[in-house]
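**Student:** pasting the sequence and the predicted model now:
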Amino acid sequence: MELPATAEIVEVAPRDGLQDEPPLPLSERTELLRLLARAGLRRIEFASFVHPRWIPSLADADELARMRPLAPGVVWSALVPNGKGLERALRAGVDEVTIVVSASDAHNRANLNRTTAESLAGVPELARRARAAGVRVRGAVATAFGCPFEGAVPYGRVADVALVYAEAGADEIVLADTIGVGHPRQVAELADYLRERVGPDVRLALHLHDRRGFALANVLAGLLCGIRVFDAAVTGVGGCPYAPGAPGNVATESVVSFLASMGVETGVDPDRLREAGSYLAERLALARGAAHEIRAGTGGRAARATGKESGTV
Ligand code: MG
């Protein structure tokens, strides 16, 4: 079996993991970032520069960005749903931004309140502004493996989005299995298809959510077809507020140990990673308990705002 010597993990718990959870105080999100960096994670998606009305748990991205000196050597990556978010991210001095567009219209409308074509029209300008500021650009294709509203998504729709990113000069194209329905054959076929349509040197990454253990099989399929970058979230926390039933992200602990067992180095220390995971699990348990008490006191689950420009993936 031909495997690479190294692979890279993009830790997304502070963004994807927390977006559908009760808000954690800024001090706890800062401590989580410090612990993740200490574990050896070198790319961390620390926030989304989204209006707090849509995702209250991810408020204060600007303040969080000021904590960068706590994690030297780490690429501070952030999701930006639109031009306003990009402006804030650039002012905050992030190293990398993720732009997101769904391959399926229905999810793009739920997530960004626009059609896929409308979102794509804005991509070149977003990418140009980021690159002019010296910031790396990830282009994420949400629902690349299936959509909670439309079901199967043809590879051609994924390639249409990927082509726009490639032409806009994106450094990396992230294939996101937003709802965890992808399987290894799909990973291999989609990677082949994109190399044909977009170009043989397109740099791909996988953003996996885990349903019934498929995610690790998809990591292996990705490795075997030349993918070297994997998004993952410590403790497997996560979901998508605008994709009903989305399972959590593939757990960073699982990916690190899966890769290490096959001799693929990630640079992550499993013991320190476990410490970061324990910290997150403990703080989230307390926050969920408090949120439950508040809901019980007001007679039911608080209503969620419907998605407008939330930009999740
Ligand atoms: Mg996700």
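**Tutor:** Arrived safely.
**Student:** going forward, measure contacts between C-alpha atoms and count neighbours the same way
**Tutor:** Will do.
**Student:** all helices of the stretch 1-150 of the chain, in order?
**Tutor:** 26-38, 61-65, 83-92, 105-112, 116-132 (DSSP state H, counting those that start in this stretch).
**Student:** residue contacts, residue 166?
**Tutor:** 173, 198, 202 (Cα atoms under 8 Å, 6 or more residues apart in numbering).
**Student:** make it 10 Å
**Tutor:** Contacts here follow Cα atoms under 10 Å, 6 or more residues apart in numbering; on that basis residue 166 touches 124, 138, 139, 172, 173, 198, 199, 202, 203.
**Student:** which among those end up buried?
**Tutor:** 124, 138, 139, 172, 173, 198, 202, 203 (16 or more other Cα atoms under 10 Å).
**Student:** name the helix or strand for the fifth one, please.
**Tutor:** This points to residue 173. Using DSSP states H and E, residue 173 maps to strand 172-177.
**Student:** relative to strand 172-177, how tilted is the helix or strand where residue 207 lies?
**Tutor:** Element membership for residue 207 (DSSP H and E) is strand 204-208. Put simply, strand 204-208 runs at 30 degrees to strand 172-177, going by axes from the mean of the first three to the mean of the last three Cα atoms, to 10 degrees.
**Student:** okay, now the sheet partners of strand 204-208, with direction.
**Tutor:** strand 172-177 (parallel), strand 229-232 (parallel) (DSSP bridges).
**Student:** tell me which helix or strand comes right after that strand.
**Tutor:** helix 214-224.
**Student:** so for that next one, mean pLDDT?
**Tutor:** The average of the pLDDT scores along helix 214-224 is 98.
**Student:** same deal with stretch 21-29?
**Tutor:** The model assigns stretch 21-29 a mean pLDDT of 93.
**Student:** quick one: contacts of it?
**Tutor:** In contact with stretch 21-29 (Cα under 10 Å, 6+ apart) are residues 14, 18, 30, 32-35, 46-47, 55-61, 63-64, 237-239, 241, 279-280, 283-292.
**Student:** where does the prediction get shaky in the chain?
**Tutor:** 295, 297-310 (pLDDT under 70).
**Student:** which helix is the longest one in it?
**Tutor:** Identified as the longest helix of the chain according to DSSP state H is helix 270-297.
**Student:** buried residues, that one. List them.
**Tutor:** Within helix 270-297, the residues scored as buried using 16+ other Cα under 10 Å are 270, 272, 273, 274, 275, 276, 277, 280, 283, 284, 287, 291.
**Student:** can you give me the buried ones in stretch 21-34?
**Tutor:** In stretch 21-34, counting by 16+ other Cα under 10 Å, buried: 21, 22, 23, 24, 26, 29, 30, 31, 32, 33, 34.
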